[in-house]
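Chemist: Got a predicted model here, sequence first, then my questions.
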Amino acid sequence: MTAGFTKPTTLLRNAEVGVRKLVGAPVPADPRRGFTDHMEVLSSQLMIGYKKYPAVQDYPNAGMKAAAVAATALAARVVRKVNDEFAGILMLRRKESALMQEVLAAHFHLRAGEVTDKNLKSNVVDKPLSLKGIVEKDRRWVLEKIRQKMLSLSFHLNTGVYLIDIDAKRRDIQAGAAHVYDPDDDDGTEAYVANTKTKYDAQTWRATNWKKVSNSISGFRKGEIHVSLEDLETYSTLSYARVIIHEATHKYLCTDDVAYAHDDTYPSKSLSQMLNNADSYAWAAVSLYCGELKMGTPADEPTDWEQCS
């Protein structure tokens, strides 16, 4: 692990302030002020951003960093394996396993034999190859849509991830506005990806969301992945990896939170909705990696399923 380095934007701001003070010029408010000021490359797959506190010698501590490294590596491995399974079915004509059928039914509502979407022409498992089937919107067409998204996730997770620490208990600025931590308002947010761009008033630090980001092929127009390094340190590595996969689908696939796996509404959503649902990809990936169906439930939330083995 490295010792970290000051963010380039922070260095530029410090240099500007230093020059202005030297020549006696006024120092205007920073219109791009952010909370984090340090970055650190922890592995070939992970770089983190965080706030460095002069009075706190060990934040984020070694345990937080090690947990993030292990989870990021596992997330990449999980999605790589899952992508291989879909590729085997679609490119090598392997039969769908019983687990694959169970996972598709539970997390995408693609139930074998049922035409679960008005645009779906057929839903036959292991359908024989035919010329008509090449252009038909059938079960294999849905599997190919999922495979393409898993392939994109695999590329991004295996080539490197940037995680920004939420640091809710110490944060003094949030989305450009002054922020004071209130334990009573702490909702225990484990991670998020902003889906809006923000502009600030340089004098009041008030932030306004001015452009909703709903389409991106690379992830550059989306916000970065924010995680609570402190809270997620206690998660199992697999649960931490699931969180990263979930947020990565927001960033790179522009998915929505249509429903969480532990929501009562999760079973009632349509196939089309589930194909755009972040938790569907995250829990499907974990299930296929584990070799058994995994599902968050209302009764277990927020402990057992966060520690899935």
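Modeler: Good, I have the coordinates.
Chemist: any idea how far G291 is from N61?
Modeler: Computed as C-beta to C-beta, to the nearest Å, the G291 to N61 distance reads 33 Å. C-betas here are computed from N, CA, C, even on glycine.
Chemist: If you could redo that for F5, that was the one I meant.
Modeler: In terms of C-beta to C-beta, F5 sits 18 Å off from N61.
Chemist: Do a quick rundown of the helices in the stretch 51-200 of the chain.
Modeler: 62-91, 98-107, 131-135, 139-159 (DSSP state H, counting those that start in this stretch).
Chemist: By mean pLDDT, show me the worst of those helices.
Modeler: Across the helices of the stretch 51-200 of the chain, helix 131-135 has the smallest mean pLDDT, namely a mean of 70.
Chemist: What number of neighbouring residues does A70 come out with?
Modeler: By other C-beta atoms under 10 Å, 16 other residues sit near A70.
Chemist: likewise G24?
Modeler: 6.
Chemist: Check I134 too.
Modeler: 10.
Chemist: Equivalent analysis for A248, please.
Modeler: 26.
Chemist: and it, what is it in contact with?
Modeler: A75, L153, H156, L157, V161, I225 (C-beta atoms under 8 Å, 6 or more residues apart in numbering).
Chemist: Closest to E85 out of those residues?
Modeler: Taking C-beta to C-beta as the measure, E85 lies nearest L153 of the contacts of A248, at 13.6 Å.
Chemist: So the closest one versus A194, what's the distance?
Modeler: From L153 to A194 the distance is 19 Å (C-beta to C-beta).
Chemist: E96 too?
Modeler: Counting by C-beta to C-beta, the gap from E96 to A194 is 37 Å.
Chemist: And those two? Which one has more around it.
Modeler: Neighbours were counted for E96 and for A194 using other C-beta under 10 Å; E96 has more, 20 against 16.
Chemist: which residues touch that one?
Modeler: Neighbours of E96 in contact, by C-beta under 8 Å, 6+ apart: I89, L104, V125, D126.
Chemist: filter those residues to the buried ones?
Modeler: I89, L104 (16 or more other C-beta atoms under 10 Å).
Chemist: Next, give me the two most distant ones among the contacts of E96.
Modeler: L104 and D126 (12.6 Å).
Chemist: which stretches of this protein form strands?
Modeler: Using DSSP state E, the strands found in the chain span residues 5-6, 38-41, 46-50, 161-165, 173-174, 177-178, 191-193, 196-200, 207-212, 225-227.
Chemist: partners of the first one in the sheet?
Modeler: I take that to be strand 5-6. strand 38-41 (antiparallel) (DSSP bridges).
Chemist: So the residue nearest to D263 when sequence neighbours are not counted versus P267, what's the distance?
Modeler: In this structure, D263 finds its nearest non-sequential neighbour in P298, 7.3 Å apart by C-beta to C-beta, 6 or more residues apart in numbering. Computed as C-beta to C-beta, the P298 to P267 distance reads 11 Å.
Chemist: can you check D165 too?
Modeler: Taking C-beta to C-beta, one finds D165 at 34 Å from P267.
Chemist: quick one, which of the two is more surrounded?
Modeler: D165 (24 against 10).
Chemist: What is the nearest of the contacts of E96 to I244?
Modeler: L104 (22.3 Å).
Chemist: My guess is the closest one contacts E114. True?
Modeler: No. Assessed by C-beta atoms under 8 Å, L104 is found out of contact with E114, at 11.2 Å.
Chemist: D30 against L12, yeah?
Modeler: No. In this structure D30 lies outside contact range of L12 using C-beta under 8 Å: 10.1 Å.
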